[in-house]
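Trainee: Model the structure of this input:
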Amino acid sequence: MVMTIIVTDKQIKIKLGVGFYTKKIDLSTISSVNTMTYPFYCGYGIRIVSNGLLFNVCEECVEISFRIKKK
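Mentor: Numbering: from 1, shown residues only. As a prediction, this is how the structure comes out:
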């Protein structure tokens, strides 16, 4: 599986495979972005984690943490 990430001055666009899944994220909603390593048995794809989304296509992955919206 191939993951393509395009970063502009306003958003991040993430595309998995040949466009099977596309996600646009406004930069103003992101608190941090980290690269991480997960063991192969955690699987591949998109995972919801405690503070954001995890896009994982191999043992190395990208974790995007979002700002908490206050009411």
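Trainee: tell me which element Ile5 falls in.
Mentor: Using DSSP states H and E, Ile5 maps to strand 3-7.
Trainee: That strand pairs with which strands, parallel or anti?
Mentor: strand 11-16 (antiparallel) (DSSP bridges).
Trainee: which residue ranges form the strands in this protein?
Mentor: 3-7, 11-16, 21-26, 30-37, 45-49, 52-56, 60-66 (DSSP state E).
Trainee: mind putting those in JSON lines, mean pLDDT and mean neighbour count included?
Mentor: From N, CA and C alone the C-beta is placed, and that goes for glycine too. Converted to JSON lines, the strands of the chain look like this (pLDDT from 0 to 100; neighbours: other CB atoms under 10 Å):
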{"stretch": "strand 3-7", "mean pLDDT": "85", "mean neighbour count": "13"}
{"stretch": "strand 11-16", "mean pLDDT": "87", "mean neighbour count": "16"}
{"stretch": "strand 21-26", "mean pLDDT": "88", "mean neighbour count": "13"}
{"stretch": "strand 30-37", "mean pLDDT": "85", "mean neighbour count": "11"}
{"stretch": "strand 45-49", "mean pLDDT": "75", "mean neighbour count": "12"}
{"stretch": "strand 52-56", "mean pLDDT": "72", "mean neighbour count": "19"}
{"stretch": "strand 60-66", "mean pLDDT": "77", "mean neighbour count": "16"}
